[in-house]
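Trainee: My questions concern the predicted model and sequence given below.
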Amino acid sequence: MVVPYYGSSAPLFVCFRSSPDTSVGLSFGRPFQMGLPGSSIQTSTSLPDGTTALNINGQVVQRMPLDVKSAGLFYCEGSDGQNTTRVYSLIHSYARLFLPSDGPGTKTINKGESVVLSVATVSYNGNSGSYHRWARIRNGASSYLMSYDDQSSITIAPSEARHGDLYAVIKRTVSLSDNHFGMIRLIVRECVAGKWNPPACDGVCDLCYNGGVCDDKTGDCICPPGFMGPNCLTSCPSNSFGWNCEFRCGSSYLISNCQQARFGLPDPYGISCMTGRSGRSCSSYCGALRFGAGCTQTCHCALEYRGCSTYTGMCNYGGCAAGWTGTNCQVPDVCPVGYYGLNCVSKCRCSTNAACDRHTGYCSVGCAPGFTCVSIQCASGYFSDDCSRSCHCLNDAECDGLTGYCGGSDGVCASGFQKDENNYCFRAPVLSQPPTVTVTTSTASVSWEAWGSNSADTGDGPVAAYRVYYKWSSSWILASVVPVTNAPQVAYSFTIQSLQPGRMYWFSVAAVRPGQGGEGPKSPSISSQTLPLPPPSTTTHQTTTSVPSPTVDRLTPTSSTHSAEDEPTNNAQLSQVGYYNGIIVVVCVLVVVIIILVALDYWRFRNLNRNLHIKTTHAALEMSRYAQEQPQACYFNSAFDNKEFGAEHVSLSSRNSLASACTYEPVGLPPWTKPWVVPWSNLRIRIKVLGNGRFGKVRLCEVNRDATTSKAALKQLDLNATSADERQLFMDQYQTLARIRRHPNVMSMLAVCQHEDVFYVALEYLPNGDLLSHLKGIHSKNQSLPVDKMVQFALDIAKGMEHVADAGVIHRNLAAKNIFLGANLVAKVTGFSLSRKRDVYVEVSENKPRSPRWMALESLTIDRYTTKSDVWSFGVLMWEMTTLGKTPYAGFRTDNIVPRLKGGYRLPRPSNCEKEIYEVMLQCWQEDPKTRPTFKQLVKVMADRHTDSPYMDMTTSDA
Ligand SMILES: Nc1ncnc2c1ncn2[C@@H]1O[C@H](COP(=O)(O)OP(=O)(O)OP(=O)(O)O)[C@@H](O)[C@H]1O
């Protein structure tokens, strides 16, 4: 890739080695001599004198002199010894009087097409271009095309168009030996549009989106700078480019500004601007409804007046215009003839060039001669040549007839199935039968039938290998991986060596399909004891008849098979009995321990409620002293009826004792607790444990405040048993909650109290648990969440978060698990343990607490958190709701999330999710935080949707 500059700075020529060719050797030069003998332009084919080669950040940079010698056509060539790729760049002299009028200097056409070449006149030193004369430089030989004299725009007929021709425009009064000419390089694909593989040109190109060009030699797409992927469907993060968007522009990078650089890519792509820019110097912005490299692409948005991102083509607001789908609305509802699938990137070759089925690729008219295609219409739910394979798509949607891809459910698999690298939804293959085993003293020959031989075998092939396991204790050992060759066998075997004589072994085999998660469960196991060593012949009391006569012992599975997880022992039956006895003893001991623990726990909490009478503890003495010295430390002063409430705890009547009941030293309560402090006697702790939190059990309790009694969830922190850091963490989140103050959609704090070195926080009791469990509960009952209910939840949460944001708090952990449901399933935001009171928070801690699957891109990459990063998490939370509690990016390892997000990937639209709702999610996942909606806007959107507004308008976006 070449990025040249010209003008006031020395031309800079950078060649980036994009993956996978990061280690190819590079060479630079000019393809042919440009100037004529005696001209001011050097006639050599090497780089101009005075060029310096620099190695900056591993990239080779050629700095050419700021001189007319540096004008012309240059190349950079990468070679690994076998394959060579060349990219070209044009560098115009600063003295040029003409420049290409509509781009940075190349024109690509298909075989059989004509092309229009245009130049604009520019001035230099008071001279301006006029009296045009066109010259064609073919393989270094120039000829003047005088019939085009004085034309700024010429049309080259197909018969004249030759790949690699360089057209130069000079002022008639000067010649090519001067440096005043402008240049355009012509690139002619060797096949007609959409085809590759010259000269036959019988290959169908991959469908290239967003301005990508099909390579006529390979059929692959060459993507414009700013897009990547096999079909150029993925937009790069802003200001990045390269095969995998791996290079960036910016002040600390080699290229300081992507928007003014010109990028050369291999032919037939040529030279272009970065996406979002156009013009010969790549400094013009795209006009309305245009985007992409050179602004050649058209936006297809429902709200046309809102336009789309000039970089990505994604609609600024609202969804796609009718007839278009895809992340940036470039995928047509009706695929071009010859393509099918979700993004129309699968190919079909039907006879008479007919279109095939959008989802399955089925050619109703049969296949084109010489091509295979989906020519059988499988019954719904099946695919493959003989319709023998099942689709496994969500809601039994249609799948691709060749690959099984769930096109009808946007790629979403049925529950219990996972995707392989071809996006086929599969369950790992299961061998239903145990292997058979033949043993000697030290070997075991394990044999099994191929997966699928038995009708009880389940799961999905193809099986690529079998893994043979054995064990003599509880852990399985992998003995071998037996690959399945091109000609699969009906049965397999493997001999395990070096076994111990006379030892009981268990054997099992697992079938493995290619890719991650492809290994099926182990088959039922079979046990077999290796033969004992024959007694030494010198032993006098040995009798040959006492030794089993055969040297091998063949076992039948029926007599000794086990589930693969059966626990073996070292020896035979007797020791197994001992083993099971052992288990029984261990279980009994465990049961007794559990009973004792439960009893202790019960006893402790009964005492907790009673032992306030006993004022002899150190803490109690401390407390009394503190109360005398600082009676004002008890912040609570409202009346309470200790007979009706708290009678179980203690009888208190004096102010001092009231004070002492609610305030304990030496730790003391921080000032922020002041409005919430209640005396200990105002809490009635119930035995019922609501759940287990990070700091211990959360118990049901009743709080008496202001003459009202409320149910509460009581969280507690043992101040002596926790570290300073943990105490801080616990306190911080409730201090944050105190700061946020009450809102119907934020879990409220009812009271705090300290008693016997335990700090208690009573929270509003929310009887319906957390939202994640609620969603999973719906899923487990095979029910669905009505859209209105989902929108109601989203509205509640958005309102709560609007309030949180208004209080200046960044939540940092917004997820369904941190939403609790009150009476009537009102959703309330909670889980403020990571929250911060700042406009922008940059995490500096080494041990960052993280939920990466919910985090915004900038939080993941530069640890930056804002309310807009909470908005991203809100989008993920909406996705959790529409999937009924699925784990986001479940198919990715955590460390793969960032690269995928950077590459433009976003959680897919769940099949049952309305387009408008998904659009809201996509808005929340905009890479640029400024373009994400605010919570205020989200409240409006949800409220509108809730009252059945016809579409979700997300009016203005703030900065
Ligand atoms: N307000 C409440 N109403 C009812 N049950 C609750 C409430 N708060 C907590 N619980 C129960 O206690 C369990 C643990 O609570 P929670 O998840 O808040 O603890 P945690 O892990 O300490 O959270 P955090 O670190 O966010 O404070 C919950 O799963 C739930 O069952």
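Mentor: Done, it's in.

Trainee: Distance check, the closest residue to residue 744 other than its chain neighbours against residue 803.
Mentor: Computed as Cβ to Cβ, 6 or more residues apart in numbering, the closest residue to residue 744 that is not its neighbour in sequence is residue 826, at 6.8 Å. Bear in mind the C-beta positions are built from the backbone N, C-alpha and C, glycine included. Counting by Cβ to Cβ, to the nearest Å, the gap from residue 826 to residue 803 is 14 Å.

Trainee: list residues touching both of the two?
Mentor: Shared contacts of residue 826 and residue 803 (Cβ atoms under 8 Å, 6 or more residues apart in numbering): residue 745.

Trainee: ok so, going back, please report the number of neighbouring residues for the residue nearest to residue 744.
Mentor: 16 (other Cβ atoms under 10 Å).

Trainee: oh, and call the first residue 835 from now on, that's how I've got it
Mentor: With the count now opening at 835, the last piece we talked about shows up as residue 1660.

Trainee: who touches it in this structure?
Mentor: 1578-1579, 1630.

Trainee: May I see the PyMOL selection of the buried members of these?
Mentor: Buried members of those, defined by 16 or more other Cβ atoms under 10 Å, are picked up in PyMOL with:
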select buried, resi 1579+1630
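
Trainee: Which pLDDT value belongs to the residue nearest to residue 1578?
Mentor: As predicted, residue 1660 sits at a pLDDT of 96.

Trainee: try residue 1693
Mentor: Among the per-residue scores, residue 1693 holds a pLDDT of 92.

Trainee: Return the set of buried residues in the host helix or strand of it.
Mentor: For residue 1693, the host element (DSSP states H and E) is helix 1691-1696. For helix 1691-1696, a neighbour-count test (16+ other Cβ under 10 Å) marks 1691-1694 as buried.

Trainee: do stretch 1308-1325 as well
Mentor: Taking 16+ other Cβ under 10 Å as the criterion, stretch 1308-1325 shows 1310, 1313-1314, 1316, 1318 as buried.

Trainee: And for stretch 1636-1651?
Mentor: Buried residues in stretch 1636-1651, counted by 16+ other Cβ under 10 Å: 1636-1639, 1641, 1643-1651.

Trainee: need those in JSON lines with pLDDT, can you?
Mentor: Output for those, formatted as JSON lines (pLDDT from 0 to 100):
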{"residue": "1636", "pLDDT": "96"}
{"residue": "1637", "pLDDT": "96"}
{"residue": "1638", "pLDDT": "95"}
{"residue": "1639", "pLDDT": "94"}
{"residue": "1641", "pLDDT": "91"}
{"residue": "1643", "pLDDT": "92"}
{"residue": "1644", "pLDDT": "93"}
{"residue": "1645", "pLDDT": "93"}
{"residue": "1646", "pLDDT": "91"}
{"residue": "1647", "pLDDT": "93"}
{"residue": "1648", "pLDDT": "96"}
{"residue": "1649", "pLDDT": "96"}
{"residue": "1650", "pLDDT": "97"}
{"residue": "1651", "pLDDT": "95"}
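
Trainee: now, which of these lie within helices?
Mentor: 1636-1639 (DSSP state H).

Trainee: circling back: just give me the closest of the buried residues of stretch 1308-1325 to residue 1514.
Mentor: Taking Cβ to Cβ as the measure, residue 1310 is the one of these closest to residue 1514, at 55.5 Å.

Trainee: need the residues of this protein near the ligand, please.
Mentor: 1524-1529, 1532, 1547, 1567, 1581, 1597-1600, 1603-1604, 1654, 1665, 1667 (Cβ under 6 Å from any ligand atom).

Trainee: Counting only strands, which of those residues make the cut?
Mentor: 1524-1527, 1532, 1547, 1597-1598, 1654 (DSSP state E).

Trainee: roughly how far is stretch 1766-1775 from the heart of the chain?
Mentor: 24 Å (Cα atoms, centre = their mean, to the nearest Å).

Trainee: for stretch 1240-1256, same thing?
Mentor: 16 Å.

Trainee: again with stretch 1685-1693
Mentor: On Cα atoms, centre = their mean, the centre of stretch 1685-1693 falls 10 Å from the chain's centre.

Trainee: Other residues contacting that stretch?
Mentor: Under the contact criterion Cβ under 8 Å, 6+ apart, stretch 1685-1693 has outside partners 1071, 1646-1649, 1677, 1694, 1698-1699, 1702-1703, 1705-1707, 1710-1711, 1721-1723, 1728, 1731-1732, 1735-1736, 1761, 1763.

Trainee: Just the buried ones from these?
Mentor: Applying 16+ other Cβ under 10 Å to these flags 1071, 1646-1649, 1677, 1694, 1698-1699, 1702-1703, 1705-1707, 1710-1711, 1722-1723, 1731, 1735-1736, 1761, 1763 as buried.

Trainee: Mind pulling up the pLDDT for residue 1377?
Mentor: 33.

Trainee: now residue 1475
Mentor: 26.

Trainee: From residue 1642, how far out is residue 1604?
Mentor: In terms of Cβ to Cβ, residue 1604 sits 26 Å off from residue 1642.

Trainee: Okay, helices next: where are they in the stretch 1585-1734 of the chain?
Mentor: 1605-1614, 1621-1640, 1691-1696, 1701-1716, 1728-1736 (DSSP state H, counting those that start in this stretch).

Trainee: Just say helix, strand or coil for the closest residue to the ligand within the stretch 1135-1284 of the chain.
Mentor: Closest to the ligand within the stretch 1135-1284 of the chain is residue 1249: 24.4 Å, counting by Cβ to the nearest ligand atom. What DSSP: H, G, I helix; E, B strand; the rest coil gives for residue 1249 is coil.

Trainee: so who does it touch?
Mentor: Each residue near residue 1249 by Cβ under 8 Å, 6+ apart is listed here: 1228, 1613.

Trainee: Also the one 4 residues further on?
Mentor: Residue 1253 sits next to 1245, 1247, 1259-1260, 1725 when contact means Cβ under 8 Å, 6+ apart.

Trainee: quick one, domains of the chain?
Mentor: Domain assignment for the chain by automatic domain parsing gives 836-1022, 1270-1370, 1452-1598, 1605-1781.

Trainee: how about low-confidence regions in the stretch 1585-1734 of the chain?
Mentor: Scanning the stretch 1585-1734 of the chain with the threshold set as pLDDT under 70 gives 1672-1683.

Trainee: Repeat the analysis, applying 90 as the threshold.
Mentor: 1588-1593, 1614-1618, 1621-1622, 1657, 1666-1686, 1696-1697, 1723-1734 (pLDDT under 90).

Trainee: My guess is residue 935 contacts residue 952. True?
Mentor: Yes: shown here, residue 935 and residue 952 form a contact pair, counting by Cβ atoms under 8 Å, at 4.3 Å.

Trainee: where do the contact lists of these two overlap?
Mentor: In contact with both residue 935 and residue 952: 986-987, using Cβ under 8 Å, 6+ apart.

Trainee: And for residue 1567, the neighbour number?
Mentor: Residue 1567 is flanked by 19 other residues according to other Cβ under 10 Å.

Trainee: scratch that, residue 1035
Mentor: Residues near residue 1035, counting by other Cβ under 10 Å: 17.

Trainee: For this structure, which segments count as helices?
Mentor: All helices of the chain, identified by DSSP H, fall at 1391-1394, 1407-1444, 1452-1463, 1489-1496, 1558-1574, 1605-1614, 1621-1640, 1691-1696, 1701-1716, 1728-1736, 1749-1758, 1769-1780.

Trainee: Residue 1518 touches residue 1534, doesn't it?
Mentor: No: here residue 1518 does not reach residue 1534: they are 9.5 Å apart, not a contact under Cβ under 8 Å.
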